[in-house]
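# Need coordinates for the following:
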Amino acid sequence: MSRRGEGTPVSPRNPGDPGQATERFSGLTRLAAGATIALVLFAIIGFLRGPGASLDALREAAARRDSAEIARRIDGPALRHSLGRLLLQQTGSALPGDGGNDRQLLSQFIVAGALVRPLVETLVAPDGIAALLEGQIAPRPLAPGGAGSGPRTPPKMAWAWNGFSTARATVMTPTGDPALVLVLRRDGFSWRLAGVEATATPAASLRQTR
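Below you'll find the predicted structure:
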């Protein structure tokens with residue numbers, strides 16, 4: 001007759017048991033997979049929000065008249081070249097007919113180029129950047145702070161992507177018409193305003209976002 005409590009002793013589980021090691025490995029694998037998916041989703045969201053966030057930061061810098069921050073948020077040479085080209089195109093379309101006189105046409109473009117250069121520099125200053133973000137190609141004075149000057153609502157923009165390094169934001173007017181296209185290019189993990197384009201795409205074919 002066996003004593004109470006006597007019986008076959010149960011040996012503790014061996015830490016080196018292959019089944020236990022497999023369970024630990026499976027748990028670590030699931031944890032790593034979850035962390036990887038979260039990082040990928042975070043990177044995708046950050047990538048898609050990057051151009052818009054850069055324009056918001058540029059708008060705030062223009063409101064503060066922070067020229068140093070504006071210079072950091074734009075690609076200065078590329079933006080100046082793009083603005084100059086667009087202004088020359090607009091000036092050329094407004095030139096009167098030359099009646100086939102090439103010399104007269106050349107002189108008109110030389111004069112137009114001389115007028116465009118200082119305007120380009122004005123457009124990359126705080127007032128000009130604020131105007132571009134509103135869809136205007138002409139600089140306008142920023143409203144001084146005061147009781148009657150509240151914060152302006154940013155215009156709606158329609159976004160289009162060209163690969164992973166270029167994004168285009170079409171600035172929409174209050175009536176829903178396209179006003180100006182802002183071109184942003186990726187610079188490492190940040191985005192900078194690098195150009196402007198005239199609008200040629202109907203507003204109905206674009207996806208409007210804030």
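# List the buried residues for the longest strand seen in the chain?
Counting by DSSP state E, the longest strand found in the chain is strand 178-187. Buried positions in strand 178-187, judged by neighbour count with 16 or more other Cβ atoms under 10 Å: Pro178, Ala179, Leu180, Val181, Leu182, Val183, Leu184, Arg185, Arg186. (C-beta placed from N, C-alpha, C; glycine too.)
# Next up, the contacts around the closest residue to the fifth one other than its chain neighbours.
Distance criterion Cβ to Cβ, 6 or more residues apart in numbering; nearest residue to Leu182, sequence neighbours excluded, is Ala169 at 4.6 Å. Ala169 is in contact with Pro51, Gly52, Leu55, Met157, Ala158, Trp159, Val181, Leu182, Leu184, counting by Cβ atoms under 8 Å, 6 or more residues apart in numbering.
# Any idea how many residues pack against the closest residue to Ala61 other than its chain neighbours?
Sequence neighbours aside, Glu69 is the residue nearest to Ala61 in space, at 3.8 Å (criterion: Cβ to Cβ, 6+ apart). Glu69 has 16 neighbours, counted by other Cβ atoms under 10 Å.
# again, but for Ala198
When neighbours are counted by other Cβ under 10 Å, Ala198 registers 12.
# What does the pLDDT read for it?
For Ala198, the pLDDT comes out at 90.
# what's the answer for Leu105, then?
Looking at Leu105, its pLDDT reads 53.
# Repeat that for Gly46.
At Gly46, the pLDDT value in this model is 50.
# And the closest residue in space to Arg64 that isn't next to it in sequence, how far from Thr29?
Using Cβ to Cβ, 6+ apart and skipping the chain neighbours, the partner closest in space to Arg64 is Pro126 (8.0 Å). Distance, Pro126 to Thr29, by Cβ to Cβ, to the nearest Å: 53 Å.
# These two: who's more crowded?
More crowded of Pro126 and Thr29, by other Cβ under 10 Å: Pro126, with 19 against 10.
# Relative to Arg73, how far out is the more buried one?
12 Å.
# Give the intersection of the neighbour lists for the two.
When contacts are counted by Cβ under 8 Å, 6+ apart, Pro126 and Arg73 have Ala61 as shared neighbours.
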